[in-house]
Every structure is written in structure tokens, then in C-alpha cells.
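J.: Mind looking at a prediction? Sequence and model below.
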Amino acid sequence: MVEPGESNHREQTWVTGGAWRRRRLSESDLRERILGTAVAMLTESGGLTVSMAHLNMEELIRIADVPRSSVYRAWGSKEAFYIELMERMVAPGPEGSYADDVVSIAHRVLDQNKQLLGTPQGRRAVLEEVVRSTVTQSFHGAARSLAWRSFTALAVAVPTLHDKDQQRILAAMGASHAGIIDQITDLYAELLMVVGMRMKAGFDLRTAIATGSATMDGLIRLSFTDPATVASRTLKPGLDGEPVEWELPPMAFMAILDAMIEPDPGFAE
């Protein structure tokens with residue numbers, strides 16, 4: 001149950017961090033206040049949907065504590081505001097993306113298992129453990145991600161927009177997605193060098209990562225309609241030879257990677 005004043009306090013801290021008094025705002029500050037409040041409201045309600053019908057503009061204006069005319073003064077129209085809000089929703093938040101956690105996990109696995117890198121079998125075990133750990137984290141991180149839910153909604157909504165707005169939103173989505181793919185590609189470039197692998201002729205690592213990412217997106221969607229399949233598990237030998245559990249997403253990613261990589265003949269033991 002919400003205690004008296006609790007909801008109001010939460011709404012206030014979305015925008016002002018508790019310093020709750022009306023003051024004259026610059027144009028840029030006003031835009032940021034309205035956008036920041038809208039993002040907070042959508043975050044609490046689960047992200048974008050195909051339409052913006054669930055964003056209550058009257059409540060937004062009240063919580064942001066700005067004049068009613070502010071949206072039209074800053075953007076010219078409600079539709080223009082919605083387009084900029086869509087752009088904001090697909091951008092990584094200040095806390096970073098789930099890819100940051102993936103990078104940290106991979107480095108931890110490498111640091112903790114350096115003693116295994118002296119043999120081909122050990123390097124293979126380390127490679128598989130990095131894939132198992134990072135893809136599991138990436139899959140569940142994306143499934144929980146507000147940006148991923150917003151991506152999914154926008155993919156449906158974009159064709160309904162005017163051409164200029166379509167291009168603007170597609171550019172924002174492309175930039176955000178490319179940033180994550182580039183980050184993971186850099187990570188796996190480092191990993192393949194450490195474990196003595198290279199890309200096969202005709203393939204490049206970014207293509208492998210993008211293909212794996214598309215597979216993860218498909219599996220997230222499949223989890224809504226066929227959760228039993230996505231929840232399937234298998235056991236494979238781990239770093240110490242004992243069985244460890246593999247979920248379907250890392251198994252799928254490992255299959256994609258194995259199809260595109262090979263031992264590097266120039267690798268120095």
C-alpha cells in the first residue's frame with residue numbers, strides 16, 4: 001500500500017531529487033526536465049509500447065511541474081515530442097548497457113584461468129566458459145533491458161511514421177545497436193587472440209557477433225510463446241572437467257562462432 005505522500009515524493013525525485021520548487025528554466029533545461037520525467041514514467045510502466053497512448057501527458061506535465069504550453073513551446077507539437085522521446089528511449093542509460101557487464105565477466109573468466117591457456121584443450125575450455133558466461137548474462141540482460149523492449153516496440157511502430165521521422169528513429173536505433181555490437185566485437189577480438197583462434201576465410205568477427213545478437217533477439221521473442229524450448233538445458237564439461245549447465249542461448253552462439261573460427265597457425269604457445 002502507498003502511504004500518504006509516498007507517491008508524490010517518488011514523483012518529485014524523478015525530476016528534482018527532492019528540491020521541489022518551481023523555478024524559471026532555460027529552454028534546454030525545460031526540454032531535459034520534460035524528457036527525463038517522461039523516460040522515468042515509461043521506465044516505471046515497462047517501456048515503450050507500439051503507441052504512446054499509455055503516456056499520460058497531463059500527468060507528465062504535472063509531475064514535471066512545467067507550464068502546460070511547455071511541450072508545444074519546446075517541440076512545436078506533441079508528435080515532435082514523441083519522436084525525440086523515442087530516440088531517448090533506445091539510447092543507453094547513464095548506468096551503461098548490459099554489454100558492460102558482459103565485458104567484466106569475460107575479463108574475470110580470463111584472469112581467473114590463465115593457468116589453462118598453455119594447452120589447446122585448456123584454451124578451448126576457457127573460450128567455452130567465456131561464451132557460456134557472457135552470452136547467458138547478455139541474453140538475460142537484454143531480456144530485462146528497457147532499451148530492448150523499446151527497440152521491439154519501435155520496430156513495429158517505425159513503418160507508421162512519416163519518412164523523415166522513420167529515418168531519424170532508425171538512425172537512433174542503428175547507432176545504439178552498433179555501439180553494443182562494436183563493444184562485444186572488441187571483447188571477442190581480444191578473446192580469440194588469447195585462445196589462439198582466428199576467423200575463417202570469408203568471415204569477419206563483427207558479422208559473427210551481429211548474427212549471434214540476432215539469434216539472441218529471436219530467442220527472447222521465442223521465450224514468450226515457447227518458453228519450454230528456450231529454457232532447455234544441457235550439461236557439458238567445464239573448466240575443471242566437471243559438468244556445467246549450458247542454456248540454449250550460449251549453445252546457439254557457440255555453434256555460430258564455431259562455424260566461423262579456426263585455430264590460428266601462427267599462434268605462439
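T.: That came in fine, so what should we check first? Numbering: from 1, shown residues only.
J.: List the residue ranges of the protein that fall below the pLDDT cut-off.
T.: 1-24, 46-54, 92-98, 269 (pLDDT under 70).
J.: Domain-wise, how is it divided?
T.: 6-90, 98-263 (automatic domain parsing).
J.: Mean neighbour count added to the ones you listed, as TSV?
T.: Using the backbone N, CA and C atoms, a C-beta is placed for each residue, glycine as well. Converted to TSV, these look like this (neighbours: other Cβ atoms under 10 Å):
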stretch	mean neighbour count
domain 6-90	15
domain 98-263	16
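J.: Which strands and helices lie in contact with whatever helix or strand Val130 lives in?
T.: Assigned by DSSP states H and E, Val130 belongs to helix 120-144. Where contact means 3 or more Cβ pairs under 8 Å, 6 or more residues apart in numbering; DSSP states H and E, helix 120-144 is packed against helix 98-112, helix 163-194, helix 205-225, strand 243-247, helix 248-260.
J.: got the contact list for it?
T.: Helix 120-144 has contacts (Cβ atoms under 8 Å, 6 or more residues apart in numbering) with 98-99, 101-102, 105-106, 109-110, 113, 115-117, 148, 184, 187, 191, 194-197, 212, 216-217, 219-220, 223, 236-239, 244, 246-247, 249-250, 253-254, 257, 263.
J.: what sits against Met251?
T.: Thr234.
J.: quick one on the thing from earlier: quick one: the helices and strands packed on helix 120-144 as JSON lines, columns for distance to Arg132 too.
T.: Listed next are these as JSON lines, based on distance: least, Cβ to Cβ, whole Å:
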{"stretch": "helix 98-112", "distance to Arg132": "9"}
{"stretch": "helix 163-194", "distance to Arg132": "13"}
{"stretch": "helix 205-225", "distance to Arg132": "13"}
{"stretch": "strand 243-247", "distance to Arg132": "6"}
{"stretch": "helix 248-260", "distance to Arg132": "5"}
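J.: of these, which approaches Arg73 most closely?
T.: Of all the helices and strands packed on helix 120-144, helix 163-194 sits nearest to Arg73, with 20.4 Å by Cβ to Cβ.
J.: which secondary structure element contains the residue nearest to Ala172 when sequence neighbours are not counted?
T.: Excluding the flanking residues, the one nearest Ala172 by Cβ to Cβ, 6 or more residues apart in numbering is Glu87, at 4.3 Å. Assigned by DSSP H and E, Glu87 belongs to helix 78-90.
J.: Just the CA coordinates for that helix, please, in CSV.
T.: This file holds the C-alpha atoms of helix 78-90, laid out as CSV (Å, rounded to 0.1, in the frame of the first residue of the first chain):
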residue,chain,number,x,y,z
LYS,A,78,3.1,16.6,-29.3
GLU,A,79,4.2,14.4,-32.2
ALA,A,80,7.6,16.1,-32.4
PHE,A,81,8.0,15.5,-28.7
TYR,A,82,7.1,11.8,-29.1
ILE,A,83,9.8,11.4,-31.8
GLU,A,84,12.5,12.8,-29.6
LEU,A,85,11.3,10.7,-26.7
MET,A,86,11.6,7.6,-28.9
GLU,A,87,15.2,8.5,-29.6
ARG,A,88,15.9,8.9,-25.9
MET,A,89,14.3,5.6,-25.0
VAL,A,90,16.6,3.5,-27.3
